[in-house]
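> Just a sequence and a predicted model for now, questions to come.
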Amino acid sequence: MPELEKGKRSIDIISCLEQGRYLSSLKYENDGMLRKAEVKDGKVRIPLEACAFYQNVRDKIRGSIPVTLACSVGQVHMPESTALLKFWL
């Protein structure tokens, strides 16, 4: 995983699914509210302020954020579901 650039205020999540074709929506929780994530050039952008960060005893930094998403492929679809997205820096 690439290191976070100094001064960067958001984390880019590369979408495996093409927006509009499979990924119907992606929302993240911030200040107790669900907010729709910005999608640009096939990347989902979530502000760092919405992420929770933890540092373990080995000085490894980990982060997490609850995301809610829905997918559809023609007649097959996944209803909106929430998962905890975890990442390491």
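Perfect, thanks for sending it. Numbering: from 1, shown residues only.
> only C-alpha atoms for contact and neighbour calcs from this point on.
OK.
> what sits against the closest residue to residue 51 other than its chain neighbours?
Among residues not flanking residue 51 along the chain, residue 65 sits closest, at 5.1 Å (CA to CA, 6 or more residues apart in numbering). With contact set as CA atoms under 8 Å, 6 or more residues apart in numbering, residue 65 has these partners: 28, 29, 50, 51, 52, 84, 85, 86.
> mind running it again at 10 Å?
28-30, 46, 48, 50-53, 83-87 (CA atoms under 10 Å, 6 or more residues apart in numbering).
> ok, so of these, who is nearest residue 36?
Ranked by distance to residue 36 (CA to CA), these are led by residue 28 at 6.6 Å.
> Residue 34 is in contact with that closest one, correct?
Yes - using CA atoms under 10 Å, residue 28 is in contact with residue 34, at 5.5 Å.
> Just want to know which of these two has more residues nearby.
residue 28 (23 against 14; other CA atoms under 10 Å).
> gap between the more buried one and residue 57?
Per CA to CA, to the nearest Å, residue 28 is found 28 Å from residue 57.
> Tell me where the chain is predicted with low confidence.
1-22, 42, 73-77 (pLDDT under 70).
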